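Colleague: task: produce atomic coordinates for the following.
(4 chains)
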Protein chains: 2
Amino acid sequence: MPETWGDRPRSGDGPLYRQVREALLREIAQGRHPVTEPLPSEQKLAARFGVAQGTVRRALDEMARENLVIRHQGRGTFVHAHGPDRDRFHFFHLLAADGERRLPTSRVLSMTQRRVTQTEALALRLSPQARVVEIKRVRDLMARRAVLELIILPDDLFPGLGDLNKTQLPNTLYQLYQDRFAVIVHRAVEKITAEAAGPDDVTHLGLDRGAPLLRIERIAQTLDGTPVELRISRCDTTHLAYFSDLL
Amino acid sequence: MPETWGDRPRSGDGPLYRQVREALLREIAQGRHPVTEPLPSEQKLAARFGVAQGTVRRALDEMARENLVIRHQGRGTFVHAHGPDRDRFHFFHLLAADGERRLPTSRVLSMTQRRVTQTEALALRLSPQARVVEIKRVRDLMARRAVLELIILPDDLFPGLGDLNKTQLPNTLYQLYQDRFAVIVHRAVEKITAEAAGPDDVTHLGLDRGAPLLRIERIAQTLDGTPVELRISRCDTTHLAYFSDLL
DNA sequence: TCTTATAACTCTTATAGAAGACTTTGCGTT
DNA sequence: AACGCAAAGTCTTCTATAAGAGTTATAAGA
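Modeller: Numbers count the residues shown, from 1 in each chain, chains lettered A, B, ... in the order given. Reported below is the predicted structural model:
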């Protein structure tokens, strides 16, 4: 290991392609590079960073594998956003009993604004005084009441969301987050347990009191790790299942 | 697109690096390339397949990302096997309530040999006459009875397993599969539902009758997609949770 | 509407040096 | 002679660069 090296202006350390990756990551996280238009071409980026095109290519390929960007031959490289092209099942892991993947429909029960609870503040890394929007909705799968969802969103990240009419909420929320609030959900961590049905589950899901249900606690994050949504789903698993692929 | 080309003996189509990948995949699946010694070097493989080293490299890199092989600079590329180096949590997604990842201990209750049931035969793609080994065990997490496991294994894939003493079974079964039967589990698909505790759960997990529990139905496969294990875990989630990372 | 040009990504090959891991060699000591 | 140790050498993967042919999508022009 040499003591001194003047061979390259290495601002950081590690492989070059990784430095390029981090630089691009920062830019994307800062909201530059709108989802509607492509990133600069590999050539331009290479020139900008002072590296070879292959190095930029490697960084972009790696980011494409991580679903950070999506590459279209002939068109360009784009920040991978939620939209018609996005795999909708990436963040939806509930499978109908017949094994088919079907997207659910939603009906919003209520949408309110209030202060965070202690556990919510912890999960979303908010101050105890922060305000949140709480959305409660029922989701149907195959014309059957299946999931009771409670969604908690930090008010400061989604300004004006609480003023929306509850009928205006689309089925796929992540696209709304992106299009109206420039919040791109990139990752989600889920914690799954079994619980007994309470009064709410009885009324909204038609379950018997004490019946077993699946509780999914999800924390969704942007690509820089900021938690932006806490979602607690309570699922009747008599006709569906949560699936997970370990590969 | 040229009509004729004698330039290369392309057996299949698609990118070269992918053809190389498939060829290597076949070789590994066929049990050549023992896990103890490295694959041929990139140079040798390149010569063997008649492609450039970079092409082999791309194939191997892709396989490394998929956990098919593991690469050590200076040593070589190895078939990624279960062992001390393997991430043990890759196939174990139960998290203690404190958020820490801990491996469980196991106590085997019974090990029997019998004919498959219809559902088992379907899941494991066996003939209705096939014989299986059934292992039932309790797993403790943090000195607390947590999981009741039922493991179904095709007898023909694991010859002589049924004759083993039940005290001889190690805690990490996948390593046993690999070392004694040359079966490498590469992927697993899990289907998770909530259920009410039955008599077995009451006796072995100490749950109350009808208490909610998490049911995890796992089918483990080798890298060529052959299902080799059906495992049904019933978990008391009062002190633990199943976690899933969607990224 | 059809064709053509261009810009972008894709695939393959090639080369060269850096870095890690193992083996061999050589030397000195016991 | 046997042992220990360090240096040298070799093999392998890793990083970076470069160049050319191929594919795909968009835009301009006939």
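Colleague: so where is chain A shaky, pLDDT-wise?
Modeller: A:1-12 (pLDDT under 70).
Colleague: quick one: contacts for the spatially most central residue of chain A?
Modeller: For chain A, the residue sitting closest to the mean C-alpha position, by Cα atoms, centre = their mean, is A:V185 at 2.8 Å. The contact partners of A:V185, by Cβ atoms under 8 Å, 6 or more residues apart in numbering or on different chains, come to A:82, A:91, A:174, A:177-178, A:220-222, A:228-229. Heads up, the C-betas are built off the backbone N, CA and C, glycines and all.
Colleague: so it: helix, strand or coil?
Modeller: The local conformation at A:V185, judged by DSSP: H, G, I helix; E, B strand; the rest coil, is coil.
Colleague: for it, give me phi and psi.
Modeller: The phi/psi pair for A:V185 (degrees, to the nearest 10) reads phi -80, psi 120.
Colleague: rewinding a little: filter the contacts of A:V185 down to the buried ones, PyMOL style.
Modeller: Burial among the contacts of A:V185 is assessed by 16 or more other Cβ atoms under 10 Å in any protein chain shown; the matching PyMOL selection reads:
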select buried, chain A and resi 82+91+174+177+178+220+221+222+228+229
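Colleague: any chance of the contacts of A:V185 in TSV, plus secondary structure?
Modeller: Formatted as TSV, those follow (three-state DSSP):
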residue	secondary structure
A:H82	coil
A:F91	helix
A:Y174	helix
A:Y177	helix
A:Q178	helix
A:A220	strand
A:Q221	strand
A:T222	coil
A:V228	strand
A:E229	strand
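Colleague: among the contacts of A:V185, find me the one that's closest to A:R209.
Modeller: Using Cβ to Cβ, A:E229 comes nearest to A:R209 of these, at 29.6 Å.
Colleague: measure that closest one to DNA strand C for me?
Modeller: Per Cβ to the nearest atom of the strand, to the nearest Å, A:E229 is found 31 Å from DNA strand C.
Colleague: next up, the contacts around that residue.
Modeller: Applying Cβ under 8 Å, 6+ apart, the residues contacting A:E229 are A:124, A:151-153, A:173, A:177, A:185, A:218-220.
Colleague: A:I151 bridge partners, please.
Modeller: Counting by DSSP bridges, A:I151 forms beta bridges with A:I135, A:R231.
Colleague: of the contacts of A:V185, closest to chain B?
Modeller: A:F91 (5.7 Å; Cβ to the nearest Cβ).
Colleague: can you give me the helices for chain A?
Modeller: Taking DSSP state H, the helices of chain A run over residues A:16-29, A:42-49, A:53-65, A:118-124, A:173-181, A:199-205.
Colleague: mind putting those helices into CSV with distance to DNA strand D?
Modeller: Below are those laid out as CSV (distance: least, Cβ to the nearest atom of the strand, whole Å):
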stretch, distance to DNA strand D
helix A:16-29, 3
helix A:42-49, 8
helix A:53-65, 3
helix A:118-124, 35
helix A:173-181, 20
helix A:199-205, 43
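Colleague: who wins for proximity to chain B among these?
Modeller: Short answer: helix A:53-65, nearest of these by Cβ to the nearest Cβ, at 6.9 Å.
Colleague: tell me which residue in chain A sits closest to DNA strand D.
Modeller: A:G74 (2.1 Å; Cβ to the nearest atom of the strand).
Colleague: which residues touch that residue?
Modeller: Taking Cβ under 8 Å, 6+ apart as the definition, A:G74 has no contacts.
Colleague: look up how far A:A194 lies from it.
Modeller: Computed as Cβ to Cβ, to the nearest Å, the A:G74 to A:A194 distance reads 49 Å.
Colleague: for the nearest residue to A:G31 once chain neighbours are set aside, give me the backbone phi and psi.
Modeller: Leaving out its chain neighbours, the residue that sits closest to A:G31 by Cβ to Cβ, 6 or more residues apart in numbering or on different chains is A:A182, at 6.0 Å. Main-chain torsions, A:A182, degrees, to the nearest 10: phi 60, psi 30.
Colleague: count of residues packed around A:A182?
Modeller: When neighbours are defined as other Cβ atoms under 10 Å in any protein chain shown, A:A182 has 12 of them.
Colleague: got the domain ranges for chain A?
Modeller: For chain A, automatic domain parsing gives the domain ranges A:16-79, A:88-242.
Colleague: dump these to CSV, plus distance to B:L214.
Modeller: Shown next, in CSV, are the domains of chain A (distance: least, Cβ to Cβ, whole Å):
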stretch, distance to B:L214
domain A:16-79, 28
domain A:88-242, 4
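Colleague: out of these, nearest to B:S41?
Modeller: Of the domains of chain A, nearest to B:S41 by Cβ to Cβ is domain A:16-79, at 21.8 Å.
Colleague: ends of the closest one, how far apart?
Modeller: 21 Å (Cα to Cα, to the nearest Å).
Colleague: find the nearest non-adjacent residue to A:V35, please.
Modeller: Nearest residue to A:V35, sequence neighbours excluded (Cβ to Cβ, 6+ apart): A:A81, at 3.8 Å.
Colleague: A:S41 now?
Modeller: A:S41's closest residue in space is A:G76 (Cβ to Cβ, 6+ apart), at 6.8 Å.
Colleague: any idea how far the one you found lies from DNA strand C?
Modeller: Look at A:G76 and DNA strand C: by Cβ to the nearest atom of the strand, they are 4 Å apart.
Colleague: can you report how many residues neighbour that residue?
Modeller: A:G76 has 15 nearby residues by other Cβ under 10 Å.
Colleague: repeat that for A:R26.
Modeller: 11.
Colleague: buried residues, stretch A:126-137. List them.
Modeller: So for stretch A:126-137, counting by 16+ other Cβ under 10 Å, buried means A:126, A:132-137.
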